[in-house]
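[1] Model the following, please.
(chains A and B)
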Amino acid sequence: MTVLQQISNPYLASLVLGLLYGLTFCTSACLPYIISYIAGIGAGFKKGVIVTSLYNGGRIVAYAVIGTIVGLLKTVISEDLFLSYQNYSSIAFGAVIVIIGVSILLKKSTTGNCMKKEPDHLGISKLTQRFDIRAFSMGFTRGLVLCPPLVALLLYAVTFSQLDSTILAVLFGLGTALSPLLFLGGATGWLLNKAPLFRKWLSRIGGIALFVMGLSVLFSALLINI
Amino acid sequence: MLEIIAETLRAMIAVGLILAGILAIIIWVRNLTRKLSYLRFFIQIVSLAVIFLGLIIGPFGVAEWAYLGSAPKDIVIGTNILGRPYPDGLSVPTFACYYASGRTTTCVVWQLQSYIFPDWETSSVYLTTGLERLAIAFGLLVVMSLVFGRFLCGWICPFGLYMDLLTKLRKALRIRHWTLSERANEWLRQSRYLIIAAFLILSVILGMRAIAGVELISESELGRYLEIPFCQVCPVKPLFVLVEGAVGFMNLDYALSRTMGDFALTGWYLTSINIIILGVVTAGSFMLRRLWCRICPLGGLIAIFSRFGPFKRLSLIKLTKVEEKCTKCGICKRVCPTEVTEVYEEKGGDVTASDCILCFRCVEMCPYEGCLKVDVASKSIYKSKNWLEPE
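    Reported below is the predicted structural model:
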C-alpha cells in the first residue's frame, strides 16, 4: 500500500491498484475459470490469449458500467443493498458459468452432425468466431461481482464527477487486465494444444469443471438468500 | 596425516572401482554395439561422476546436516555470480537431483519450483531475490536447451543412464523389449505437456502465497506436502537418496522415517508417491527402452525451448536426413530407444523431433553412407556409414 500512498494522481493510483491486484487476487480468482474454459474449447496459444483478453475486456466493461452507475447515483450504497447486489451478481455469474459448462459438454456430444453452412459474404461469422461471446460474458458477469479493492475504489470515486468515477473504474480494470493471466492463458492453451490426443478428455474435464464451479457459486449465493 | 592418507586411499579406491566398472562394461558391450554407443555410454558415466563429484573426491565423513549422517559435501559450481551469492549453484536441465549428496549442479526443475515457492524472499541463505534467481534459472534453461537441446537427455542425464543400464540388464537376460503401438507412444509423449501445464498452474497457485501472501490452498504453507510439487512425484529423487543411503553417504533411517508417517509431512527426502513411481518406472523401463524420457516433463521443457516456434531455428544440434539416400529400410525406427518415427517418415532435411533424445543411435545404425547426419551449428560432425559392406 505504500506505493499507492505515494501516488497523488488518482488516475495513476487506480491503475497501479489494478496492476497490484491483477498480479494476485485477480489471477487467483479468475485462473480456474479461464483455464477450464481454455481446456473446454481446446484453444491454442493465440486463441488462449484472445479468450483471456475478451474475458478481461468483459471485466473492464462491467467495471465501467458499475463506475458509471456509482457516478450517476453519487451516493454510498447501504450495506443491505450492497449485500443483496453481491448475491444477485453472484447468481448471474454462477448461472453463466453453468450455461457455458453445459454448452461445452453438449457441443462435444453433438460434434459430427453435419450442418450446411450459409455463405458468409460480409465475413460476419468470422467476426463472431473471433469474438467469443462466452468468454466475454464470463468476464462481464465476473466483473459485476464486486471485489474488495473495487469497492474501496468506488467509495473513493463517489467524491469525484460522474465521468471521473467511470474513468477510475476503467483504469482499475485495465490495470487488472495486465496480469499474468494473459500469459498463463496463452501458455496453457499452447501446452494443451500440444496434446491433441487428450483434447476430447480435456474438453470434457473443462466443461465439467465449469459446471461444478458454476453450481458452487450459484448454490452459495442462493443459500445466503434463503 | 594418517587421516589424509586414509581419505586419499578411499578416494583412489572409489575412482579405481568406477574405472574398473567402466572398463568391464566397455569390454562387455564391445561386440554388441558400435563406436558411438560406446562413446555415449562413457560420456554418461563421466557426466554422472561430474554431477556427483563430491561422492568421489569427498571430503568424507563431514556431516553437513547432522541428521543426514556423514555425507560428502556438495561441491556446487557457480555459487557466486558477478559478486552475488547463488548458494544452490548453476542449474542444468538434467536430473542433477538437489536432494542427493555430493552434487555439483542442481536440477533446473527444483530451482524453478523452489524460487517461486517457498524460497521467494531473500533470507540469510538467499541474498538475491526470488525473481533474480528465477531469471538466472530460466535463462540457463533456455540457453542450454538451445545449445544442447535434448542431447542432455541422451548423453548427460543420470536417470537416462539408469534406464540404459536396465536395458543392458534386460539384454543380458536375453529378454526382448516391448514395443508400444504408435498411438500409445503418442499418448505418452503428449502427456508430458499436460504435466507441464498442470505444474505451471500449480506453481502459480502455490507461488501466490510466497509472492502475494495469499494462500489459495490451505496445505500450501511451508513444510507441507505441496512444497516443491514436482519433486514429490519425481522418480529420480528416491533413486539417488536410496542409492546414497545404501552406500552409506546418507542416513537412510532418517529419510525412511520421513516416508512412512503422515504423507503430508513427508515431503523432503522421500515420499510414498515418488517411491511408487520409481518402482513403476523401473519395472516399465526394463521392458520399454527409455520409458521415462517419453513422458519426462523436463525433456518436454527442453523440447519447448529447442524444437518449437522461434527456438527451432536457433537450436544448435540437429539431425538431418538426405531423402535420396534413404531406402526406407526402417532400421532407424527400430533402433530408436524412444521409438521416434519422424526420422523414418519425414521427407528429408531437419528431422529432429521433439521426442528425440539425440542419442544418434539411428545415425550410428543407418547402413547408408551419409543418409543421416548430426549437424552442430550447420556443420556435419557425424554421419551414417555403410557398415553392410566391409571396408
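[2] name the helices or strands packed onto the host helix or strand of B:S114?
    Taking DSSP states H and E as the definition, B:S114 sits inside helix B:108-116. Where contact means 3 or more CB pairs under 8 Å, 6 or more residues apart in numbering or on different chains; DSSP states H and E, helix B:108-116 is packed against strand B:91-92, helix B:130-148, helix B:182-212, helix B:297-307. No exception for glycine: its C-beta is placed from N, CA and C like everyone else's.
[3] Strands of chain A, residue ranges please.
    Applying DSSP state E to chain A gives no strands.
[4] May I have the phi/psi pair for B:P85?
    phi -60, psi 140 (degrees, to the nearest 10).
[5] now it, which residues is it bridged with?
    B:P85 forms beta bridges with B:N80, as assigned by DSSP bridges.
[6] correct me, but it touches B:L127?
    Yes - counting by CB atoms under 8 Å, B:P85 does reach B:L127; the two are 5.1 Å apart.
[7] can you tell me which residues contact B:T327?
    By CB atoms under 8 Å, 6 or more residues apart in numbering or on different chains, the contact list for B:T327 reads B:Y368.
[8] tell me which element it falls in.
    Assessed by DSSP H and E, B:T327 sits outside every helix and strand.
[9] Let's have the helices and strands packed on helix B:108-116 in TSV, adding distance to chain A and mean pLDDT.
    As requested, those are arranged in TSV below (distance: least, CB to the nearest CB, whole Å; pLDDT from 0 to 100):
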stretch	distance to chain A	mean pLDDT
strand B:91-92	20	92
helix B:130-148	12	92
helix B:182-212	4	83
helix B:297-307	8	94
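[10] now the ones you listed in JSON lines, with mean neighbour count and distance to B:P72?
    Shown next, in JSON lines, are these (neighbours: other CB atoms under 10 Å in any protein chain shown; distance: least, CB to CB, whole Å):
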{"stretch": "strand B:91-92", "mean neighbour count": "25", "distance to B:P72": "20"}
{"stretch": "helix B:130-148", "mean neighbour count": "18", "distance to B:P72": "25"}
{"stretch": "helix B:182-212", "mean neighbour count": "19", "distance to B:P72": "31"}
{"stretch": "helix B:297-307", "mean neighbour count": "25", "distance to B:P72": "25"}
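[11] Let me have these in TSV, adding distance to B:S123 as columns.
    As requested, those are exported to TSV (distance: least, CB to CB, whole Å):
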stretch	distance to B:S123
strand B:91-92	19
helix B:130-148	10
helix B:182-212	12
helix B:297-307	27
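[12] so which of the ones you listed gets nearest A:G42?
    helix B:182-212 (12.9 Å; CB to CB).
[13] Can you name the residues in contact with whatever helix or strand comes next after that closest one?
    Sequence-wise, the next helix or strand downstream of helix B:182-212 (DSSP H and E) is helix B:236-246. Helix B:236-246 is contacted from outside by B:55, B:71, B:95, B:97, B:99-102, B:107, B:158-159, B:162, B:231, B:250-252, B:255-256, B:269-270, B:274-275, B:278, using CB under 8 Å, 6+ apart.
[14] Buried subset of the residues you listed as a ChimeraX selection?
    Applying 16 or more other CB atoms under 10 Å in any protein chain shown to these, the buried members can be selected in ChimeraX as follows:
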select /B:55,71,95,97,99,100,101,102,107,158,159,162,231,250,251,252,255,256,269,270,274,275,278
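[15] now, which of the contacts of helix B:236-246 lie within strands?
    B:C107.
[16] Among the contacts of helix B:236-246, which lie within helices?
    B:55, B:158-159, B:162, B:252, B:255-256, B:274-275, B:278 (DSSP state H).
[17] from the residues you listed, which is closest to A:R142?
    B:N274 (37.7 Å).
[18] contacting residues around that closest one?
    B:231-235, B:237-238.
[19] ok, back up a step: from the ones in helices among the contacts of helix B:236-246, which has minimum pLDDT?
    Least confident of those in the model: B:L256, at 76.
[20] Chain neighbours aside, what residue packs nearest to that one?
    Using CB to CB, 6 or more residues apart in numbering or on different chains and skipping the chain neighbours, the partner closest in space to B:L256 is B:L270 (6.8 Å).
[21] Surely that neighbour is in contact with B:S257?
    No - if you go by CB under 8 Å, B:L270 and B:S257 don't touch, sitting 9.6 Å apart.
[22] near chain B, which residues of chain A show up?
    Listed as neighbours of chain B in chain A under the rule CB under 8 Å from any CB of the partner chain: A:23-25, A:27-28, A:31, A:35, A:180, A:184, A:187-188, A:191-192, A:194-198, A:202.
[23] Out of those, list just those in helices.
    A:27-28, A:31, A:35, A:184, A:187-188, A:191-192, A:202.
[24] And the contacts of the helix holding B:S114?
    Taking CB under 8 Å, 6+ apart as the rule, helix B:108-116 contacts B:88, B:91-93, B:97-98, B:130, B:133-134, B:137-138, B:140-141, B:199, B:203, B:206-207, B:210-211, B:228-231, B:234, B:297-298, B:301.
[25] For the chain, give me the ranges with low pLDDT.
    Since no chain was named, I'll use chain A. A:1-6, A:75-77, A:108-130, A:225-226 (pLDDT under 70).
[26] my bad, chain B
    Using pLDDT under 70, chain B drops low at B:1-11, B:13, B:24, B:26-34, B:117-121, B:207-227, B:258-267, B:390-391.
[27] Give the buried subset of the contacts of B:N274 as a ChimeraX selection command.
    Applying 16+ other CB under 10 Å to these leaves a buried subset, and the ChimeraX line that selects it is:
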select /B:231,232,234,235,237,238
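[28] what would the contacts of B:N274 look like in a markdown table with distance to B:N80?
    Formatted as a markdown table, the contacts of B:N274 follow (distance: CB to CB, whole Å):
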| residue | distance to B:N80 |
| --- | --- |
| B:C231 | 25 |
| B:Q232 | 30 |
| B:V233 | 33 |
| B:C234 | 28 |
| B:P235 | 32 |
| B:K237 | 27 |
| B:P238 | 31 |
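[29] For chain A, state which of the contacts of B:N274 is nearest.
    Closest approach to chain A among the contacts of B:N274 (CB to the nearest CB): B:V233, at 17.9 Å.
[30] give the contact list for that closest one.
    Counting by CB under 8 Å, 6+ apart, B:V233 makes contact with B:271, B:273-274, B:277.
[31] do B:F249 as well
    B:55, B:69, B:71-72, B:101-102.
[32] Quick check: it vs B:C234, distance?
    Separation of B:F249 from B:C234 (CB to CB, to the nearest Å) stands at 19 Å.
[33] B:S285 should be in a helix, yeah?
    Yes - assessed with DSSP: H, G, I helix; E, B strand; the rest coil, B:S285 lies in a helix.
[34] Would you check that it makes contact with B:L161?
    No - with contact defined as CB under 8 Å, B:S285 does not reach B:L161; the gap is 11.5 Å.
[35] The two: who's more crowded?
    B:S285 (22 against 18; other CB atoms under 10 Å in any protein chain shown).
[36] what about A:L174, distance to chain B?
    Separation of A:L174 from chain B (CB to the nearest CB, to the nearest Å) stands at 20 Å.
[37] Check A:S53 too.
    If you go by CB to the nearest CB, the gap between A:S53 and chain B works out to 18 Å.
[38] Could you count how many residues lie near the closest residue to B:L358 other than its chain neighbours?
    With sequence-adjacent residues excluded and distances taken as CB to CB, 6+ apart, B:L358 is closest to B:F151, at 4.3 Å. By other CB under 10 Å, the residues close to B:F151 number 23.
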